[in-house]
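S.K.: all I have is the shape, not the residue letters:
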């Protein structure tokens, strides 16, 4: 928005080089007139399945496109109050502020730039109904969202879901459902799994050399990024960092979690295999973002480890605060008892080797 007059004395503005850049300046007041970006907010709401609430805009800019509920902060209104007001106006839902995710600049055709503050929500209630600047409101799986109208909204989602150093590394919003561990033709399985909606994919390659593993990891990174699937590399921190993966999964014989944390950047996810309640508690205390708990049942991929059973997994879920991924001997026939005790993430190797897409779909539907 171009300023022509001083807001204090209405004198015609001129431009001067001031404080290291060209600014609007009032020759009468002898003061610069700053062009600060207007404040706006965006609300990140998720349901129990980890799906994200979006609204379809019915106003410009970006009319007809999807975005997070939000809008401009009004005069004498705090950003938190504005965020909650916009959420209710656009979706009919009431909530409480959970936390500030981040603050981002967003381009605007009228105001040049807008300062967008993104918040996660808790205690969401009410009947969802679109209104005020939105034609539709709907939940979308994290890796099946439409293209968003604003880059700032995508940045808010990415930061909230990738890790965030606030004591809830993977957060309570860990995408529920299929955790695919690749085998066989790793690239083909990755494509099939991601297209079918895999929430998390781990590249586990025990036979290839590290040069080949890095080459495949970079291709899988592209596949997972295009489908918004979390990408984890098994064992190799160096490969995970070089290919830009979201994290690494470490076994009990790999380097300790605390030492891995010391050499990885903020937001990098570290998963840990555990085979008992004691190991689960140790992994959490060391800073793991999530744990794999198993093997639940007998499995040829972990022949040296006896099954820990459903009761142990249940105790682990009750005692640790980070996400728990069940693993070991799982298939579509024996998942139900685990789901009944609250397990929402299922990692498998052999079960995905046949109809990868079909199995992913069935697991995700179970976890809705």
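M.R.: Thanks, I have it. Predicted model, so just to flag it, every value in this text is computed and none were measured.

S.K.: which residue packs closest to residue 141, ignoring adjacent ones?
M.R.: residue 51 (5.3 Å; C-beta to C-beta, 6 or more residues apart in numbering). The C-beta positions use only the backbone N, C-alpha and C, and glycine is treated the same way.

S.K.: I'd say that neighbour and residue 176 touch.
M.R.: No: using C-beta atoms under 8 Å, residue 51 is not in contact with residue 176, being 9.0 Å away.

S.K.: out of these two, which sits in the more crowded spot?
M.R.: It is residue 176, of residue 51 and residue 176, that has more neighbours when counted by other C-beta atoms under 10 Å, with 25 against 20.

S.K.: separation between that one and residue 92?
M.R.: 25 Å (C-beta to C-beta, to the nearest Å).

S.K.: got it, and residue 316?
M.R.: 38 Å.

S.K.: so the two - more neighbours on which side?
M.R.: Using other C-beta under 10 Å as the criterion, residue 316 and residue 92 rank with residue 316 on top: 24 against 15.

S.K.: could you chop the chain up by domain?
M.R.: 1-35, 39-161, 177-366 (automatic domain parsing).

S.K.: can I get the ones you listed in a markdown table including mean pLDDT?
M.R.: What follows is the domains of the chain, written out as a markdown table (pLDDT from 0 to 100):
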| stretch | mean pLDDT |
| --- | --- |
| domain 1-35 | 81 |
| domain 39-161 | 88 |
| domain 177-366 | 92 |
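
S.K.: now for residue 313: which residues touch it?
M.R.: 293-294, 296, 324, 326, 338, 341, 343 (C-beta atoms under 8 Å, 6 or more residues apart in numbering).

S.K.: buried subset of those residues?
M.R.: 293-294, 296, 324, 326, 338, 343 (16 or more other C-beta atoms under 10 Å).

S.K.: can you list which of those residues are found in strands?
M.R.: Using DSSP state E, the subset of the buried ones among the contacts of residue 313 located in strands is 293, 324, 326.

S.K.: nearest to residue 195, of those?
M.R.: Residue 195 has its nearest neighbour among those in residue 326, at 23.8 Å by C-beta to C-beta.

S.K.: how about residue 12: what's its closest non-neighbour residue?
M.R.: residue 5 (6.3 Å).

S.K.: doesn't residue 13 make contact with the one you found?
M.R.: Yes: using C-beta under 8 Å, residue 5 makes contact with residue 13 at a distance of 6.4 Å.
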